[in-house]
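Enquirer: Quick one: sequence and predicted model below, then my questions.
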Amino acid sequence: MNVQEDLQLPYTMNKAQMENTYHSTVVRTDLTRAIPNLIPEIIEESVLTMEEGFQFTKEKKEVTIPLFDTMTHFVARISNRALLGPELGRNKDFVHAVVRFAETTPLMAPFICWSPHFLRSTVYFVLSSFLGGKKGALKFVVPHLEEYMKEREFLAEKPGLLSEFLIRNAPPNETVEGVAMRALNMNFGSIHTSSIFVTHTLFELALLPTSQVDEIREEVIAALDSEGGWTKNALLKFRKIDSLLREVGRVYGLMHFALPRISMVPYQLDDGNVIPPGYRVAIDMKAIHYNAKVYPDPFRFDPFRFSKLRETESTDTKYGFATVDSNYLPFGAGRHACAGRFFAAMELKVMVAHILLKYNFKYTEPRTVRPKNLQFNGAVVPDPKVHMTFWEREEVSPYLPAPVLD
Ligand code: HEM
């Protein structure tokens with residue numbers, strides 16, 4: 001698979017990630033099945049994270065933050081409520097280390113890739129020693145897992161965390177460091193992607209007329225009212241947020257290209273051209289996502305594009321954020337489509353709904369268009385220099401757990 005080449009996994013992580021990908025299966029099955037139980041935990045963690053992150057007081061009524069960086073740290077903490085547990089997620093040094101790992105891995109990979117094979121370990125060693133790589137994060141995860149493995153023998157009920165699922169499904173020769181590296185790989189999969197999505201979403205929300213933001217908020221409140229709180233069914237009814245996230249994926253995605261692969265055998269295309277083995281192939285995502293025959297007015301960001309379409313369908317899934325099809329590729333497609341997309345959809349919907357219920361936010365200066373994205377090695381990321389101001393809404397939602405801060 002090309003992602004192994006693109007991320008230079010043997011150096012940035014380890015070879016075992018390539019040889020046995022059971023962590024993907026664990027995310028696709030156990031973690032996805034655990035989602036309904038994780039929803040109340042994720043909303044609680046989101047509330048705690050933002051209370052601590054914003055630190056509002058009677059005197060400090062608004063805060064201006066670098067949006068992308070702040071959201072990256074928020075996502076790292078909130079995701080780890082489900083990946084490695086709240087203890088590590090709430091450890092600021094760990095969050096800092098894991099964010100550096102997630103941010104620097106795709107930056108270092110091209111430099112490793114451009115180096116001759118015999119130099120690659122050295123290039124990784126040198127780059128990671130000043131940029132930060134797996135070592136800084138493993139320093140927290142390995143002792144944490146060692147401690148947990150001692151305790152888990154005596155636990156009648158094991159926690160529904162990714163780390164527990166990884167341990168339970170590990171092959172006999174798996175080491176603690178091996179499990180730790182897989183948990184970090186999934187941190188990478190989660191942090192870098194979801195923080196990009198939530199940032200784009202807030203960039204777009206801040207440009208919408210107040211009436212449309214109110215519409216989205218009212219839908220969230222109605223869903224929580226009808227389902228009695230944060231349940232899987234309530235989240236299914238957040239159709240406008242779901243649509244907004246899907247539109248973010250359509251218009252921006254993570255990369256210019258989808259399904260990067262390396263051809264293993266000669267393959268003849270319909271037009272007669274042959275792709276020889278060893279060639280890198282990918283799909284131009286813009287050609288698919290900006291196809292006017294599939295998406296009318298394709299260059300317009302329409303937050304309600306998919307929720308309007310859903311009104312015409314009897315099924316909730318066809319235009320759902322996490323649904324992949326040949327015209328929608330931000331999560332890839334086929335056998336290797338993103339294993340964590342249902343978890344990501346849940347977390348992002350909870351975070352965006354929470355922000356809408358609790359906060360108002362705006363750009364630091366008046367804007368009519370959203371900030372331009374940055375592009376590096378095919379990746380598309382929101383501008384990290386953009387700041388936003390947040391302040392609390394006067395209305396207090398009965399559906400947000402009261403934070404208990406130390
Ligand atoms: C908005 C958030 C996310 C986006 C846009 C995203 C996107 C992607 C993409 C494009 C791929 C490659 C698919 C392909 O090559 O066909 C992928 C693979 C993968 N993702 Fe995600 N991802 C997200 C969140 C997550 C999260 C939260 C996790 C884990 C908790 C995760 C775990 C994985 C795994 C394990 C794979 C490899 C699947 C396989 O090879 O079978 N992702 N993701």
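Expert: Yes, it's here. As the structure is a prediction and not an experimental result, all values here were calculated from the model. Numbering: from 1, shown residues only.

Enquirer: separation between Gly366 and Phe390?
Expert: In this structure residue 366 is Pro, not Gly. From Pro366 across to Phe390, the span is 17 Å (C-beta to C-beta, to the nearest Å). C-beta: built from backbone N, CA, C; applies to glycine.

Enquirer: With neighbour numbers in mind, choose between the two.
Expert: Taking Pro366 and Phe390 together and counting by other C-beta atoms under 10 Å, Phe390 has the greater number of neighbours (21 against 6).

Enquirer: ok, that one touching Tyr359?
Expert: Yes: with contacts defined as C-beta atoms under 8 Å, Phe390 counts as touching Tyr359 at a distance of 5.0 Å.

Enquirer: where do the contact lists of the two overlap?
Expert: Taking C-beta atoms under 8 Å, 6 or more residues apart in numbering as the contact definition, Phe390 and Tyr359 share the neighbouring residues Phe54.

Enquirer: So what's the residue count around Ser195?
Expert: Here the count is done by other C-beta under 10 Å, and Ser195 has 27 residues near it.

Enquirer: To clarify, my last question referred to Val27.
Expert: In terms of burial, Val27 registers 25 neighbours under the definition other C-beta under 10 Å.

Enquirer: Verify the stated contact: it with Gly340.
Expert: Yes: with the criterion set as C-beta under 8 Å, Val27 and Gly340 qualify as a contacting pair; they are 4.9 Å apart.

Enquirer: Sticking with the closest residue to Arg182 other than its chain neighbours, tell me its helix or strand.
Expert: The spatial neighbour of Arg182 that comes closest, neighbours along the chain excluded (C-beta to C-beta, 6 or more residues apart in numbering), is His23 at 4.0 Å. Assigned by DSSP states H and E, His23 falls within helix 22-26.

Enquirer: swap in Glu51?
Expert: Under the criterion of DSSP H and E, Glu51 resides in helix 35-54.

Enquirer: Check Ile65 too.
Expert: Assessed by DSSP H and E, Ile65 sits inside strand 62-66.

Enquirer: and the very next helix or strand once past that strand with the ligand, contact?
Expert: Going down the chain from strand 62-66, the next helix or strand is helix 67-83, by DSSP H and E. No: if you take C-beta under 6 Å from any ligand atom as the test, helix 67-83 misses the ligand, and the best it gets is 6.6 Å.

Enquirer: The strand holding Ile65 pairs with which strands, parallel or anti?
Expert: When pairing is defined by DSSP bridges, strand 62-66 lines up against strand 387-392 (antiparallel).

Enquirer: tell me which residues of the partner strand are tucked away?
Expert: Of the residues in strand 387-392, those buried by neighbour count under the rule 16 or more other C-beta atoms under 10 Å are Met388, Thr389, Phe390, Trp391.

Enquirer: Reformat those as CSV; add distance to Phe154 and pLDDT.
Expert: Shown next, in CSV, are the buried residues of strand 387-392 (distance: C-beta to C-beta, whole Å; pLDDT from 0 to 100):
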residue, distance to Phe154, pLDDT
Met388, 46, 98
Thr389, 48, 98
Phe390, 43, 98
Trp391, 47, 97
